[in-house]
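>>> Fold the following and give me the result.
(one chain, ligands or ions: 2)
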Amino acid sequence: MEVGFLGLGIMGKAMSMNLLRHGFKVTVWNRTLSKCDELVEHGASIGETPAAVIKKCKYTIAMLSDPSAALSVVFDKDGVLEQIGNGKGYVDMSTVDADTSSKISEAIKSKGGSFLEAPVSGSKKPAEDGQLVILAAGDKALYDEVVPAFDVLGKKSFHLGEVGNSAKMKLVVNMIMGSMMNAFSEGLTLAGRSGLNPSTLLDVLDLGAIANPMFKMKGPSMLKNNYSPAFPLKHQQKDMRLALALGDENAVPMPIAAAANEAFKKARSMGLGDLDFSAVHETLKKPDHSS
Ligand SMILES: NC(=O)C1=CN([C@@H]2O[C@H](COP(=O)(O)OP(=O)(O)OC[C@H]3O[C@@H](n4cnc5c(N)ncnc54)[C@H](OP(=O)(O)O)[C@@H]3O)[C@@H](O)[C@H]2O)C=CC1
Ligand SMILES: O=CCCC(=O)O
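Numbering: from 1, shown residues only. Ligands and ions are numbered 1, 2, ... in the order given. Below is the predicted model of the structure:
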């Protein structure tokens with residue numbers, strides 16, 4: 001199967017590598033074109049623009065940072081819309097809001113193309129290992145056609161109905177995750193500050209009812225102040241912001257998510273946006289007055 005891939009950030013690079021490893025022919029494009037080089041070394045071809053990729057490939061996947069990137073790649077000059085048409089499918093796996101997804105869907109369909117939104121749960125390592133959870137919605141015929149690619153990228157894929165449902169599902173999941181990360185950071189800090197060993201807290205948590213892969217994976221690195229990015233904090237804050245907007249639309253009070261969003265904003269103001277989202281832990285540390 002031949003696929004195009006737009007966006008070779010942390011996730012896009014891992015996902016397109018995985019497709020190559022499984023025998024897919026992949027044509028890649030990235031805004032910073034030099035990031036295509038490593039993929040080319042592994043057998044990918046380059047498309048000079050999103051339009052060039054769409055022209056060449058029947059199916060194209062996108063994995064871009066946020067709503068403005070997702071819209072720009074579709075609507076701007078040399079974008080997806082210039083070449084999409086009958087018989088071509090576009091699958092946007094970026095995490096965006098339902099409005100953004102619907103705008104893209106309408107535009108693609110108006111040109112005769114078919115569209116799926118398909119954001120994912122799972123981070124860098126699951127992307128490398130083909131263990132993502134894929135939340136697709138939109139054209140069911142396209143979904144059935146791209147299942148072979150989803151089977152390589154993920155351990156499970158869902159079709160959630162009409163476009164917008166997957167964007168919402170993904171935002172709800174990440175809203176919960178961002179709130180959990182803040183509670184976890186506060187717990188680690190409180191343990192340390194009140195004279196407990198935070199490593200022992202990790203052991204205790206892991207044996208109880210609130211054990212989860214995120215605490216298990218992130219906890220030891222957080223205690224070493226290691227925030228090497230798997231899921232960049234700036235993207236987690238974007239997801240909190242979009243989830244809070246969804247809460248506004250539906251009149252759902254979300255004081256915990258709102259507080260978590262403030263903590264991620266504070267972390268961004270401290271220059272931590274490109275680190276892993278677990279770097280929100282740094283917002284709780286005492287300022288250093290030693291110098
Ligand atoms: N990392 C993770 O754990 C997960 C991330 N996600 C979501 O997946 C998406 C990608 O995440 P991730 O790979 O981590 O992000 P990165 O920041 O690593 O990569 C972002 C990508 O978007 C591109 N981009 C940004 N702005 C534009 C623009 N205006 N026009 C064209 N391209 C643009 C970047 O290009 P360039 O290289 O030129 O900057 C890069 O390819 C996000 O929506 C994120 O929320 C979902 C699940 C997990
Ligand atoms: O959007 C990012 C999700 C990260 C994860 O599910 O581990």
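>>> How about the chain: which residue is closest to ligand 1?
Gly9 (1.8 Å; CB to the nearest ligand atom). For glycine as for every other residue, the C-beta is placed from the backbone atoms N, C-alpha and C.
>>> That residue and Lys224, how far apart?
25 Å (CB to CB, to the nearest Å).
>>> Pro213 - how many residues pack around it?
9 (other CB atoms under 10 Å).
>>> follow-up on the earlier one: ok now do the residue of the chain closest to ligand 1, which residues does it touch?
Contacts for Gly9 (CB atoms under 8 Å, 6 or more residues apart in numbering) come out as Asn30, Met63, Leu64, Ser65.
>>> OK, contacts around the residue nearest to His22 when sequence neighbours are not counted?
Among residues not flanking His22 along the chain, Val152 sits closest, at 4.5 Å (CB to CB, 6 or more residues apart in numbering). By CB under 8 Å, 6+ apart, the residues touching Val152 are Asn18, Leu19, His22, Phe24, Gly130.
>>> Can you give me the buried ones in the host helix or strand of Val152?
Assessed by DSSP states H and E, Val152 sits inside helix 140-153. Buried residues in helix 140-153, counting neighbours by 16 or more other CB atoms under 10 Å, are found at Leu142, Tyr143, Glu145, Val146, Ala149, Phe150, Val152, Leu153.
>>> That helix near ligand 2 anywhere?
No: judged by CB under 6 Å from any ligand atom, helix 140-153 stays clear of ligand 2, getting no closer than 13.7 Å.
>>> ok, and what's touching stretch 203-214?
Met177, Met180, Met181, Phe184, Gly187, Phe215, Lys216, Gly219.
>>> Tally up the residues packed near the closest residue to ligand 2 within the stretch 101-250 of the chain, please.
Scanning the stretch 101-250 of the chain for proximity to ligand 2 using CB to the nearest ligand atom identifies Ser123 as nearest, at 3.8 Å. Applying other CB under 10 Å, we find 21 residues neighbouring Ser123.
>>> Skip the chain neighbours and tell me the closest residue to it.
Nearest residue to Ser123 in three dimensions, chain neighbours excluded: Ala230, at 4.5 Å (CB to CB, 6+ apart).
>>> shouldn't that neighbour be in contact with Lys125?
Yes: judged on CB atoms under 8 Å, Ala230 makes contact with Lys125 at a distance of 6.9 Å.
>>> Just want to know which of the two has more residues nearby.
It is Ala230, of Ala230 and Lys125, that has more neighbours when counted by other CB under 10 Å, with 19 against 11.
>>> Tell me the secondary structure of that one, please.
coil (DSSP: H, G, I helix; E, B strand; the rest coil).
>>> Could you check how far it is from Lys35?
For Ala230 relative to Lys35 (CB to CB), the value is 17 Å.
>>> Need the phi and psi values for the residue minimising distance to the centre of the chain.
With distances taken as CA atoms, centre = their mean, the residue of the chain nearest its centroid is Thr95 (5.2 Å). Main-chain dihedrals, Thr95, degrees, to the nearest 10: phi -90, psi 110.
>>> Equivalent analysis for Lys25, please.
Note on Lys25: backbone dihedrals following degrees, to the nearest 10 are phi -90, psi 120.
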